[in-house]
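Engineer: turn this into a model:
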Amino acid sequence: MVNWQEHIVTDKAVLLGKPVIKGTRLSIDHLIGLLAQGWSENQIIENYPRLTLDDLKAVFSYIQE
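Structural biologist: Predicted structure coming up:
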């Protein structure tokens, strides 16, 4: 299992402190929204090439806590 804390960070200077993927401005809320719209993991990674499969796994771990 992926440790989400290695992939997800908060910083008041980035998106007002919303949780984002480390090194990006992609919020967890945005990624969850894409999944809710029916985007597949592959579609997300293709459209956001800085993301990795482990980043997406971290999102899933994060929302389970």
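Engineer: Asp11 - nearest residue in space that isn't next to it in sequence?
Structural biologist: Nearest non-adjacent residue to Asp11, counting by Cβ to Cβ, 6 or more residues apart in numbering: Gly17, 6.6 Å away. C-beta: built from backbone N, CA, C; applies to glycine.
Engineer: nope, Tyr48 is what I was after
Structural biologist: Leu26 (6.3 Å).
Engineer: and for Leu35?
Structural biologist: The nearest residue in space to Leu35 (Cβ to Cβ, 6+ apart) is Ile44, at 7.5 Å.
Engineer: other residues contacting the helix or strand containing the one you found?
Structural biologist: Per DSSP states H and E: Ile44 is located in helix 41-47. Helix 41-47 is contacted from outside by Leu31, Leu34, Leu35, Leu51, Thr52, Leu53, Leu56, using Cβ atoms under 8 Å, 6 or more residues apart in numbering.
Engineer: can you give me how far stretch 56-65 is from the chain middle?
Structural biologist: From the chain centre to the centre of stretch 56-65 is a distance of 8 Å (Cα atoms, centre = their mean, to the nearest Å).
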